[in-house]
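S.K.: Quick check, what structure comes out for this input:
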Amino acid sequence: MTELAGTADRAAKPVAPDEVLPAIAAAVLAVPGVTALSPTLSSAGLRSVIHRRATDGIQLVTRTGLVEVDVNVATAGTRSARAVAHEIRDRVGAELRSHGSTPGTIAVSVLTIGETTDQPPLG
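M.R.: Reported below is the predicted structural model:
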């Protein structure tokens, strides 16, 4: 019972996005095979078209004491997308715990495989 109370206390600590977002972005970009964070219009809005931030492609939401994360990435295609996504989930969870937060759902979407966002379009 004491162990559960300790978990509830940790879960109640609010996450400071300005503090944890850069750390999560660095952890995601350190995963072998990840070439970039990939913002979507729904995650970064029209602002991403005008001015990108290093954390575009990551969304945090706190619900009932859990921090839920949505990560969108581009990969090099040198590793399995599934393996990359699993490693991202593990690293994001570890980063949240190191900031005193309790991870909830960590969703990872691989939006591009084998191309980087800075390459010119094909054709």
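
S.K.: what about residue 23, which helix or strand?
M.R.: Using DSSP states H and E, residue 23 maps to helix 17-29.

S.K.: Quick one: residues in contact with that helix.
M.R.: When contacts are defined by CB atoms under 8 Å, 6 or more residues apart in numbering, helix 17-29 is touched by residues 34, 36-37, 54-55, 57-58, 60, 67, 69, 71, 73, 88, 91-92, 94-96, 98-99, 101. Bear in mind the C-beta positions are built from the backbone N, C-alpha and C, glycine included.

S.K.: Buried members of those into PyMOL, please.
M.R.: Only the buried members of these end up in this PyMOL selection, burial being decided by 16 or more other CB atoms under 10 Å:
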select buried, resi 34+36+37+55+57+58+60+67+69+71+73+88+91+92+95+96+101
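
S.K.: Assign residue 96 to helix, strand or coil.
M.R.: In three-state terms, and counting by DSSP: H, G, I helix; E, B strand; the rest coil, residue 96 is helix.

S.K.: Surely it touches residue 71?
M.R.: No: contact criterion CB atoms under 8 Å: residue 96 and residue 71 do not qualify, at 11.9 Å.

S.K.: and residue 67, what is it in contact with?
M.R.: By CB under 8 Å, 6+ apart, the contact set of residue 67 is 15, 20, 60, 61, 96, 101, 102, 103, 104.

S.K.: The second one - how many residues pack around it?
M.R.: The reference is to residue 20. Taking other CB atoms under 10 Å as the criterion, the count of residues near residue 20 is 22.

S.K.: the strands in this protein, which residues?
M.R.: Here the chain has its strands, by DSSP state E, at 34-37, 58-63, 66-75, 102-113.

S.K.: Residues contacting the longest one, please?
M.R.: The list of residues contacting strand 102-113 from outside it, by CB under 8 Å, 6+ apart, reads 7, 10-11, 35, 38, 40, 63, 65-75, 77, 81, 84-85, 88-89, 92-93, 96-97.
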